[in-house]
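K.L.:
A predicted structure for the sequence below; I have some questions about it.
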Amino acid sequence: MYAKIYSYKFSGLSEAKVAATFCSDSLGKKIVPYNIRSLNISIGQCGSVSINLKFETGEDLKKFEEESKDFFSDLKNTFVFKESNFSGVYIYNYDSELTATEISLN
């Protein structure tokens, strides 16, 4: 799995909430076209937003980076924040899926 991680620090929690909504709306539409395997967006109470994306192949990651420049440009033009990001390869990853195994017959 390949990863792209973005970290943004906003001036406050309110700005982070608005930015997270903007990010989830925009990036949610990119899941199928860019073969995104996992998308996690989290907000910290200090006004930080973290976006973690997982891709099956390096080609999917590169395609996302190349073709998502408009989204990140819009983000930079709309909000004031400090930014850091990096690409990497998952060495160890565990995700638990919650499922209900009960069947009730009425």
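P.N.:
Now that the structure is in, tell me what you want to look at. Just so it is clear, the structure is predicted and the values come from calculations on it, not from any experiment. Numbers count the residues shown, from 1 in each chain.

K.L.:
please make it C-alpha for all contacts and neighbour counts, starting now.
P.N.:
Noted.

K.L.:
now the strands: where do they sit in this structure?
P.N.:
Along the chain, counting by DSSP state E, strands occupy 2-10, 36-44, 48-55, 81-89.

K.L.:
list the buried ones in the first one?
P.N.:
By neighbour count with 16 or more other CA atoms under 10 Å, strand 2-10 contains the buried residues Tyr2, Ala3, Lys4, Ile5, Ser7, Tyr8, Lys9, Phe10.

K.L.:
now those residues in CSV, with distance to Lys30 and pLDDT?
P.N.:
CSV is the format used below for the buried residues of strand 2-10 (distance: CA to CA, whole Å; pLDDT from 0 to 100):
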residue, distance to Lys30, pLDDT
Tyr2, 16, 90
Ala3, 15, 91
Lys4, 14, 92
Ile5, 16, 93
Ser7, 19, 94
Tyr8, 20, 95
Lys9, 23, 95
Phe10, 24, 95
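
K.L.:
and which of those is nearest Gly58?
P.N.:
Proximity to Gly58 was ranked across those by CA to CA; first place goes to Tyr2, at 6.2 Å.

K.L.:
that's all I had, so thanks and see you.
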